[in-house]
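> Based on what follows, work out the 3D shape:
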Amino acid sequence: MPTKTPTARDGEEIWETTTEGRVWVAMVDDRGRDVVKSVGGKVGDKIRIKTTDRQIMQDNVDDSPFTNGLLKRVDAAATPEDNSPQAMTTEELMVGFTKNGKAFHAWVDGLNEMNVRRMRGMAEEVDATASQISHLDAVIKTKYRIEGDTETYRTLKQFGEAG
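The predicted structure is shown next:
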């Protein structure tokens, strides 16, 4: 039996998680208070959010879950443009491990930080090759490491935004 596409109320959107992790979403409740709600724990958990709340969070939060692939829009009014191409389920990411050599490198190099780290986290579970693990580690170390001189830091420094 096919699943029914949820219908959002006017001015509202329905998003679902793409990972088993929790995602926190800032919004305004019915009394006008700022609140943070969590959604997740399993793939496919849904959250209803006002369109304006989503737009504010998306515009003001670096690496927003609405654009980094942690959430994907699933209501009947959703269009392909609403979802980030990085909104990938674990199963979709696992397809990357079927690729080898340059194809694997190109696949990983096209992913955002969240998905590269997710792939690294599942590498042993899916029996990734040593070459695949090595490439994932190299990408994380050079592009996404926490401390030191990273690509993002160099860009910020170039424009006088970094200390």
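> for this structure, what spans make up the strands?
12-17, 22-28, 34-40, 46-50, 71-73 (DSSP state E).
> Same list (the ones you listed) but as CSV, adding mean pLDDT and distance to residue 86.
From N, CA and C alone the C-beta is placed, and that goes for glycine too. Formatted as CSV, the strands of the chain follow (pLDDT from 0 to 100; distance: least, Cβ to Cβ, whole Å):
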stretch, mean pLDDT, distance to residue 86
strand 12-17, 90, 14
strand 22-28, 86, 14
strand 34-40, 87, 16
strand 46-50, 91, 18
strand 71-73, 88, 10
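> Mind pulling up the pLDDT for residue 141?
According to the prediction, residue 141 has pLDDT 87.
> and the chain, what are its domains?
12-82, 90-144 (automatic domain parsing).
> In a markdown table: those, plus mean neighbour count and distance to residue 4.
As requested, those are exported to a markdown table (neighbours: other Cβ atoms under 10 Å; distance: least, Cβ to Cβ, whole Å):
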| stretch | mean neighbour count | distance to residue 4 |
| --- | --- | --- |
| domain 12-82 | 16 | 9 |
| domain 90-144 | 15 | 21 |
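> possible to save the strands of the chain as CSV with distance to residue 95?
Below are the strands of the chain laid out as CSV (distance: least, Cβ to Cβ, whole Å):
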stretch, distance to residue 95
strand 12-17, 19
strand 22-28, 23
strand 34-40, 22
strand 46-50, 24
strand 71-73, 17
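> With respect to residue 108, which of those lies nearest?
Among these, the nearest to residue 108 by Cβ to Cβ is strand 71-73 (20.5 Å).
> which outside residues touch that closest one?
Residues from elsewhere that reach strand 71-73, judged by Cβ atoms under 8 Å, 6 or more residues apart in numbering: 13-18, 23, 25, 39, 47, 65, 82-84, 87.
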